[in-house]
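*Asks:* pasting the structure only:
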DNA sequence: CACTTGACCTGTCCGC
DNA sequence: TGCGGACAGGTCAAGT
């Protein structure tokens, strides 16, 4: 659920409040959420200072600096993870109680809070995760290229290098033989969801991008023409950028770093979560099918 | 080897 | 109202 736009909104929110603050304490209440956490890890974290928050695909990279070296705290939210910041209870940023009144979460920590960071100004950072699929991991910043997950991530759709040609090359995969790649029977939706080909797209933005591009998600990669890749490349960028503007998508429990919901699904989504409703383009009902193991929303009339 | 399916979890929603 | 079961979907391991 947190896909690229949601993670980007969180990144920006954290980047506005964390840099310069030092970590004075960490509590790991659920080992599964931070499987490599031990005394050594704790020693490396406590006393370190937040530098900046980066993003790669759906992964947050929180850069810390200790006296010894720079560390990277990797955070993957998977399905239901949240990273929520709370200012000092005296009220930071004008927020009484340290958080905005519209915040969907209050009373932290709660039963889904698995990791708590205490900061030197009295603020806190909470990692919450209903389904415990998300994780934290600490590595030396210099080792960042060796992280298995990070290392294999595909192209970044918001980078300048994301052209339609790059999209085509990424989706077709690493097959050395171009003829073989061209013959791929894989559906375009399954390829969009493969983080090793393109990073950051999940179920919501796969469906929305394909609708915007007018492409049936069941189409095979082999069937896509240059025009399809051109339209899909533009559609992906437009969907992701619009969602970042809207604060992301909240379909179940996504909230940003201040506990606020995202408005993309209400304001701009055309098909996701709208089966039975009228297609905004042609008025025929949106249908929902199962594809690549996922619920898939489309307009049978507009997407071909 | 390329691709698909099941497991990991827990909360919500639907029908009976 | 309670209860069983389907469903949600990111990623990895196991299966085809």
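*Replies:* Thanks, I have the structure now. Just so it is clear, the structure is predicted and the values come from calculations on it, not from any experiment. Numbers count the residues shown, from 1 in each chain, chains lettered A, B, ... in the order given.

*Asks:* give the contact list for residue A:246.
*Replies:* A:262-264, A:267-268 (CB atoms under 8 Å, 6 or more residues apart in numbering). (C-beta placed from N, C-alpha, C; glycine too.)

*Asks:* ah, wrong one, I meant residue A:49
*Replies:* A:20-23, A:64-66.

*Asks:* which residue sits closest to residue A:82 in space, ignoring its chain neighbours?
*Replies:* residue A:128 (4.3 Å; CB to CB, 6 or more residues apart in numbering).

*Asks:* strand partners of the helix or strand harbouring the one you found, parallel vs antiparallel please.
*Replies:* Here residue A:128 sits within strand A:124-129, counting by DSSP states H and E. Strand A:124-129 pairs in its sheet with strand A:81-86 (antiparallel), strand A:113-119 (antiparallel), by DSSP bridges.

*Asks:* Which residue does the stretch 151-300 of chain A have closest to DNA strand C?
*Replies:* In the stretch 151-300 of chain A, the residue that lies nearest DNA strand C is residue A:202 (2.9 Å; CB to the nearest atom of the strand).

*Asks:* how near is that residue to residue A:101?
*Replies:* Distance of residue A:202 to residue A:101, given as CB to CB, to the nearest Å: 30 Å.

*Asks:* More neighbours: which of the two?
*Replies:* residue A:202 (21 against 8; other CB atoms under 10 Å).

*Asks:* Was I right to think that one contacts residue A:193?
*Replies:* Yes - judged on CB atoms under 8 Å, residue A:202 makes contact with residue A:193 at a distance of 6.8 Å.

*Asks:* got a list of what residue A:212 touches?
*Replies:* Shown in contact with residue A:212 (CB under 8 Å, 6+ apart): A:231, A:235, A:238-239, A:270.

*Asks:* Show me what from the stretch 1-150 of chain A comes close to DNA strand B.
*Replies:* Applying CB under 7 Å from any atom of the strand, one finds that the stretch 1-150 of chain A approaches DNA strand B through A:32, A:79, A:111-112, A:130-133.

*Asks:* please redo it, this time with the cut-off set to 6 Å
*Replies:* Taking CB under 6 Å from any atom of the strand as the contact definition, the stretch 1-150 of chain A meets DNA strand B at A:130-133.

*Asks:* what's the burial count for residue A:193?
*Replies:* For residue A:193, the count of nearby residues is 19 (other CB under 10 Å).

*Asks:* Which secondary structure state is assigned to the closest residue in space to it that isn't next to it in sequence?
*Replies:* The spatial neighbour of residue A:193 that comes closest, neighbours along the chain excluded (CB to CB, 6+ apart), is residue A:206 at 5.7 Å. Secondary structure, DSSP: H, G, I helix; E, B strand; the rest coil: residue A:206 is helix.

*Asks:* Residue A:206 reaches residue A:189, doesn't it?
*Replies:* Yes - assessed by CB under 8 Å, residue A:206 is found in contact with residue A:189 at 5.4 Å.

*Asks:* out of these two, which sits in the more crowded spot?
*Replies:* residue A:206 (27 against 24).

*Asks:* Enumerate the residues of the stretch 1-150 of chain A near DNA strand C.
*Replies:* So the stretch 1-150 of chain A meets DNA strand C at A:1, A:3, A:58, A:78-79, A:131, A:133, A:149 (CB under 6 Å from any atom of the strand).

*Asks:* Among the residues you listed, name the least confidently predicted one.
*Replies:* Minimum pLDDT for these is recorded at residue A:1 (76).

*Asks:* For the nearest residue to residue A:275 once chain neighbours are set aside, give its distance to residue A:300.
*Replies:* Spatially, and ignoring its direct neighbours in sequence, residue A:275 is nearest to residue A:288 (3.7 Å; CB to CB, 6+ apart). Relative to residue A:300, residue A:288 is positioned 11 Å away (CB to CB).
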